[in-house]
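Novice: With the input below, show me the fold.
(4 chains)
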Protein chains: 4
Amino acid sequence: MKRIGLLTSGGDCQALNATMRGVVKGLANNVDELEVYGFMNGYKGLIYGDYRMLSAKDFSGILTRGGTILGTSRQPFKLMRVPDDKGLDKVEAMKQTYYKLRLDCLVILGGNGTQKTANLLREEGLNVLHLPKTIDNDIYGTDMTFGFYSAVNIATEAIDCIHTTASSHNRVFIVEVMGHKVGWLTLYAGIAGGADIILIPEIPYDINQVVEAINTRVARGSGFTILAVAEGAVSKEIAALPKKEQKKKMEEIAKKYPSISYKISEDIEQQTGMEIRVTVPGHTQRGGSPCPYDRVLSTRIGSEAAQLIMDEQYGYMVGIINGKIKKVPLAECAGKLKSVSPNSQEVMAAKRMGISFGD
Amino acid sequence: MKRIGLLTSGGDCQALNATMRGVVKGLANNVDELEVYGFMNGYKGLIYGDYRMLSAKDFSGILTRGGTILGTSRQPFKLMRVPDDKGLDKVEAMKQTYYKLRLDCLVILGGNGTQKTANLLREEGLNVLHLPKTIDNDIYGTDMTFGFYSAVNIATEAIDCIHTTASSHNRVFIVEVMGHKVGWLTLYAGIAGGADIILIPEIPYDINQVVEAINTRVARGSGFTILAVAEGAVSKEIAALPKKEQKKKMEEIAKKYPSISYKISEDIEQQTGMEIRVTVPGHTQRGGSPCPYDRVLSTRIGSEAAQLIMDEQYGYMVGIINGKIKKVPLAECAGKLKSVSPNSQEVMAAKRMGISFGD
Amino acid sequence: MKRIGLLTSGGDCQALNATMRGVVKGLANNVDELEVYGFMNGYKGLIYGDYRMLSAKDFSGILTRGGTILGTSRQPFKLMRVPDDKGLDKVEAMKQTYYKLRLDCLVILGGNGTQKTANLLREEGLNVLHLPKTIDNDIYGTDMTFGFYSAVNIATEAIDCIHTTASSHNRVFIVEVMGHKVGWLTLYAGIAGGADIILIPEIPYDINQVVEAINTRVARGSGFTILAVAEGAVSKEIAALPKKEQKKKMEEIAKKYPSISYKISEDIEQQTGMEIRVTVPGHTQRGGSPCPYDRVLSTRIGSEAAQLIMDEQYGYMVGIINGKIKKVPLAECAGKLKSVSPNSQEVMAAKRMGISFGD
Amino acid sequence: MKRIGLLTSGGDCQALNATMRGVVKGLANNVDELEVYGFMNGYKGLIYGDYRMLSAKDFSGILTRGGTILGTSRQPFKLMRVPDDKGLDKVEAMKQTYYKLRLDCLVILGGNGTQKTANLLREEGLNVLHLPKTIDNDIYGTDMTFGFYSAVNIATEAIDCIHTTASSHNRVFIVEVMGHKVGWLTLYAGIAGGADIILIPEIPYDINQVVEAINTRVARGSGFTILAVAEGAVSKEIAALPKKEQKKKMEEIAKKYPSISYKISEDIEQQTGMEIRVTVPGHTQRGGSPCPYDRVLSTRIGSEAAQLIMDEQYGYMVGIINGKIKKVPLAECAGKLKSVSPNSQEVMAAKRMGISFGD
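Specialist: Model (predicted):
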């Protein structure tokens, strides 16, 4: 007999349902009795005891379904120790829910912030497992997060579509790709889509280099240029500032432009006089059915979590390292960020092929 | 023996290549000899004699390829009678190219503006056929234009992706859909994607009605609302103004916001305090491989154009009416716009199902 | 207050759920009270009183979902008047269920066979509406059935995939397309996929003509040939036989080969010695999410059915004619088949482009 | 100045063009002069000196295109040392072509057989690099081959489509997946598609276990069962035979059935009396545009090959191990097969979730 709690927290992504299915099917086939408590809307459901009992049937047919059957919400880690408006101690509330339901384990699907809170609950003595979900692929301790390749597919498809239209006109096109503070999604979609210029947070750009790359293409007779720009892209100028001024500058930009691409567009237009078109796939990158890569990864991670619960092994993130599913102590990975190294093979391979990073 | 010229003009779309393949394969299989002159970048190629000879091989494998192998450019109709910077009379230049190459017919693929110029060339005595291309479906005299359903597919996919992510959060999402001055693309993608609110130019919106529709959904327990907003959407307030002031107002908006969706987003946020996310698929809607619907339509239109050339029937647009490919005299359709009727079956069906048009 | 029954019957297809959503949302927004009885597994549910009450929530999120939430089964029309194994009179049983639940109308989604039974129930005095579902597009009285274009997309995608692999090798590829006794699906997918040879039931093939078409391609330097073959394709030889012998011959083929493509493959191999590869997408053509075309069509048909129910207009199929949703008396269309005319514009357009029909 | 030869050999797959683009763009951006000789139709082109000079332009726009611009053919390794019909020594002929064109390196894209010949040419003193292409993922010395995930996507999509139709009926569905003698493709597509039973060559099946798994599902109320069956699946009975008798048995099956799935279908039908439907996506699994995963992998492998050529490092396969592109001596990997371990994490994860392997 096992009693487990499930919750999905933070920005949603593909394969959340697929992963939960993996956990529940993995357990249901191997334990005598199973009780599954699904907490609604992330940690909120755990704090306020908002849950529903789930049966195997709830997990049938959801392998391919995007979103999360539990809903999700963002609950910033730094506010976890701060009481809510009614003075409720959130951490205590979560512990109470956990103990009241006599859970064997709490399985938490989420990204970096979610992981920190998961680790906090571990420190508070709860049995937790964290399953690394995010389209950003920025979780330390795992080579890959589920959601990433599904998002790569959508962003790449956007660049593909732009490609056929771009090659018919003589224009500069910017496709803005998600990825939060790291460049994984933009780098992979940029390479996969055949972008000419890729701008990511880890390699601050010099607008003059960007313009030069465009001009070089024009000079060579390529009428169009496609830029894959990370939502977190930052100019060398701003990156060189002290943190505080950096933040101020970026707030100024945020006030003036819906997103960084519109600023870069304006800058390029001013220097080249060329027509620029901006495409913002936005939240579509989090949606749709998970791709087969993610479904296999999710199923393997979920199924391994089931095994860990049967073995009563708690306090881990279940990640993938060198192709093998591994348990990684939360104490080791929580609070760390995995970003793109400017000297990584991927960046070097791209540069070798003539892709400019604006540096 | 036939000598034909081909050109693609205006904003590009899917199925241009498929259509040209239809024309050329249709002729190549039925005439003794065929010479095909492909004019580069729309009317520009015809004006300045920029063309290349094309063989059947150039049309092999392009049925599925987006964009146009000839390139395209926008050449406003109203400037056709205006000499270029070097004083060249464009219309005369086009006629000279035509006569010099001893063309039997000029096959012109394009939208409304392109059609007007095609009609002008007809009036000037050239043999022309116009094939109705546009993702906007706004060409008078044909029930359908090729490119439309391919764009519907892409816009719908964007709404689909937003749907899975929206249903996990409690937010308002705006997906901005192309379509120029008409609402066909937004209406069809909105219905196909299951949008809750659809805003199109033909039905000016009242922001209060939009907000009310959102609030009604919240009151009923639907945490999210998805709006499909046409790039040409206009408020009742502005629509009621005299043309001149209308234009002024819209220029003000264009200066302040990258596009109308960002304004609507701001308006909704101010009235509801809800989080809004804007997605702009933009030019992706013109790209990618044409969908099977468009490929069949294009092949039929192209193949019929080949027949008309063999029959020496010129001066027509080749459209589809009630499921049959028909030749429509350019004199009858040029210069007219086909827009969505607010009382059309499609709008009525959508309203019956509870979709709000903000009116 | 309205009480309606819903059932889906026959081979399943895409957009069944989308259509039912159209009916229910269309009613729910416009009548005071609504009771929806969903009969399970087609007429079987109606016969044996197997139903479940459905609420608006059951129809939320199913616009994009393939299959049918009600299940389906084939109940041959000719057995409807034959009692079941326990001596039950099926028609009486259906009438009893209908009256017991005091239904205002029975909304029946299905193909040709289903339609005949719907008409029978109408003759028996029940209020029925029939909504034309089938990937075969063979229903008389409507220009289009929902499911058709979704299936065209899948079959075309199969041909597309074969195209890239075929062009790398020198082989003959056969893609077997569904469509029952008519060639709509094969004709459209064949044109959309750029097949070189299209074999459909309405145009019996001569294997020598097929081989000649392949040889002609080889002679012209095209190393590969792609055939789109309808599952119902038939040779001239067999088509010329009297019905009874025809049936016998076809049973012999069915015993020897899994399907007609394998026979054609063998015949071509024997005559040419070329390598042939057969692809059978099979039931995938009925599955997956409905395409946007079908979703719009389904929504319009479903929403119109809702209007007819409000107007108490019964005894119709709701079809689409010349782009307009129309009610068509069941008495006029039941029992008739819509097949491809060998002289249709589509066939002529294809032939003009050099596509062989093996005739 | 570099002179390189390119050839693609064996069954085609996605991302061949993408990989060649990686090699050529990687070199073109970094060496003074580059001459690229593209050999037509695999080793055949090298043997008979059939090549064409390629420029950078030939590699523009092919990142997303399936197939291979060079064509391919199968040239069995074991016949390489056997003279052709005209007595030509093939190995000598290849060497002559190589030396005559004064190539710096021959870049060979292909699978296991291709690799053996590449190694042979290395032993003969030629500079070669082998790039691991195959949808089967059976190449020893690399974790992944390009083509694999694109094929997984297509096979999974087939299972997805079957899923929606299966859940509407009560039937057994078999989807036959490619993969040659190994089960990677079936295993991954089976997990990703949510198959209930997965049959792969590495785990011979017992038909009674297969039937029992189906019956268990029926007993639990699941009306349908989906089998993902590898084209190389083999029964325990046959697997237990000595090699020679094994081969004989399998030839008998091949004579009687188009493929193994039809035999399994017949066996299940005989034991259960249930309706079975077989789907054979076949060569579609080799076609279509490469998925983003493959495009990134291909670009990285191709770009690394360019670096190796610049560094004059020859005699390697360029593979990926633990996420890093690595050069692997051909001497170490040629002639070995990478198959699925029955105790691999993937199989264990699937079994834990209740998927049957029929063992």
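Novice: Now do the helices in the stretch 1-150 of chain A.
Specialist: Listed in chain order, the helices of the stretch 1-150 of chain A (DSSP state H, counting those that start in this stretch) span A:16-28, A:43-47, A:90-100, A:112-123, A:148-166.
Novice: who are the neighbours in contact with the closest residue to residue A:7 other than its chain neighbours?
Specialist: Closest residue to residue A:7 apart from its sequence neighbours, by C-beta to C-beta, 6 or more residues apart in numbering or on different chains: residue A:39 at 4.1 Å. In short, each C-beta sits where N, CA and C put it, glycine included. Contacts for residue A:39 (C-beta atoms under 8 Å, 6 or more residues apart in numbering or on different chains) come out as A:5, A:6, A:7, A:45, A:46, A:50, A:51, A:70, A:97.
Novice: For the nearest residue to residue A:27 once chain neighbours are set aside, which three-state class applies?
Specialist: Once flanking residues are discounted, residue A:27 sits nearest to residue A:306: 4.6 Å by C-beta to C-beta, 6+ apart. Following DSSP: H, G, I helix; E, B strand; the rest coil, residue A:306 is assigned to helix.
Novice: any idea how far residue D:351 is from residue A:306?
Specialist: 12 Å (C-beta to C-beta, to the nearest Å).
Novice: Of the two, which one has the most company?
Specialist: Taking other C-beta atoms under 10 Å in any protein chain shown, residue A:306 and residue D:351 do not tie; residue A:306 has more neighbours (29 against 18).
Novice: How about stretch A:113-130 and chain D, touching?
Specialist: No: Stretch A:113-130 lies out of reach of chain D by C-beta under 8 Å from any C-beta of the partner chain, never closer than 15.3 Å.
Novice: got the buried residues for that stretch?
Specialist: Residues A:113-122, A:126-130 are the ones in stretch A:113-130 that count as buried (16 or more other C-beta atoms under 10 Å in any protein chain shown).
Novice: Report how many residues lie close to residue A:87.
Specialist: A total of 6 residues lie near residue A:87 under the criterion other C-beta under 10 Å.
Novice: Distance check, it against residue A:93.
Specialist: Counting by C-beta to C-beta - residue A:87 and residue A:93 are separated by 11 Å.
Novice: Check residue A:167 too.
Specialist: Separation of residue A:167 from residue A:93 (C-beta to C-beta) stands at 57 Å.
Novice: Near the residue nearest to residue A:110 when sequence neighbours are not counted, how many other residues are there?
Specialist: The shortest distance from residue A:110 to any non-neighbouring residue, by C-beta to C-beta, 6+ apart, is to residue A:9 (4.0 Å). Residue A:9 has 29 neighbouring residues, counting by other C-beta under 10 Å.
Novice: does residue A:9 really touch residue A:108, like I thought?
Specialist: Yes: counting by C-beta atoms under 8 Å, residue A:108 is a contact partner of residue A:9 at 6.7 Å.
Novice: what is in contact with these two at once?
Specialist: With C-beta under 8 Å, 6+ apart as the test, residue A:9 and residue A:108 both reach A:114, A:117.
Novice: and residue A:326, which of the three is it?
Specialist: Residue A:326 ends up strand, using three-state DSSP.
Novice: That one bridge partners, please.
Specialist: residue A:319 (DSSP bridges).
Novice: List the contacts of it.
Specialist: A:318, A:319, A:320.
Novice: so which of those comes closest to residue A:339?
Specialist: Set against residue A:339, the nearest of the contacts of residue A:326 by C-beta to C-beta is residue A:319 (16.4 Å).
Novice: Assess the claim that that closest one and residue A:133 are in contact.
Specialist: No: the criterion here is C-beta under 8 Å, and residue A:319 misses it with residue A:133 at 11.3 Å.
Novice: In terms of neighbours, single out the busier of the two.
Specialist: Just comparing residue A:319 and residue A:133: by other C-beta under 10 Å the higher neighbour count belongs to residue A:133, 32 against 23.
Novice: Check whether the more buried one really touches residue A:19, as I assumed.
Specialist: Yes: assessed by C-beta under 8 Å, residue A:133 is found in contact with residue A:19 at 7.0 Å.
Novice: From the domain annotation, what segments belong to each domain of chain A?
Specialist: Split into domains by automatic domain parsing, chain A comes to A:2-147+A:290-333, A:151-286.
Novice: tell me which of the buried residues of stretch A:113-130 is nearest to chain D?
Specialist: Proximity of the buried residues of stretch A:113-130 to chain D was ranked by C-beta to the nearest C-beta; the top entry is residue A:129 with 15.3 Å.
Novice: Can you show me the strands along the stretch 1-150 of chain A?
Specialist: Using DSSP state E, counting those that start in this stretch, the strands found in the stretch 1-150 of chain A span residues A:2-8, A:34-39, A:51-54, A:105-110, A:128-132.
Novice: And the pLDDT for the residue of the stretch 1-150 of chain A found nearest chain B?
Specialist: Closest residue of the stretch 1-150 of chain A to chain B, C-beta to the nearest C-beta: residue A:66 (3.1 Å). We have a pLDDT of 92 for residue A:66.
Novice: How many residues are close by it?
Specialist: 26.
Novice: Check the one 4 residues further on too.
Specialist: For residue A:70, the neighbour count with other C-beta under 10 Å is 24.
Novice: And for residue A:100?
Specialist: If you count neighbours by other C-beta under 10 Å, residue A:100 ends up with 9.
Novice: Not counting its neighbours along the chain, what's nearest whichever residue of the stretch 51-200 of chain A sits closest to chain D?
Specialist: Across the stretch 51-200 of chain A, the shortest distance to chain D (C-beta to the nearest C-beta) belongs to residue A:192, at 3.7 Å. Closest residue in space to residue A:192, ignoring its immediate chain neighbours: residue D:292 at 3.7 Å, by C-beta to C-beta, 6+ apart.
Novice: Quick check: closest non-adjacent residue to the residue of the stretch 201-350 of chain A found nearest chain C.
Specialist: The stretch 201-350 of chain A approaches chain C most closely through residue A:289 (8.6 Å), counting by C-beta to the nearest C-beta. Leaving aside its sequence neighbours, residue A:289 sits nearest to residue A:64 (C-beta to C-beta, 6+ apart; 4.8 Å).
Novice: Tell me the residues of the stretch 251-359 of chain A that contact chain D?
Specialist: Going by C-beta under 8 Å from any C-beta, the residues of the stretch 251-359 of chain A near chain D are A:289, A:291-293, A:295-296, A:299-300, A:303-304, A:306-307, A:322-325, A:345-346, A:349-350, A:352-354.
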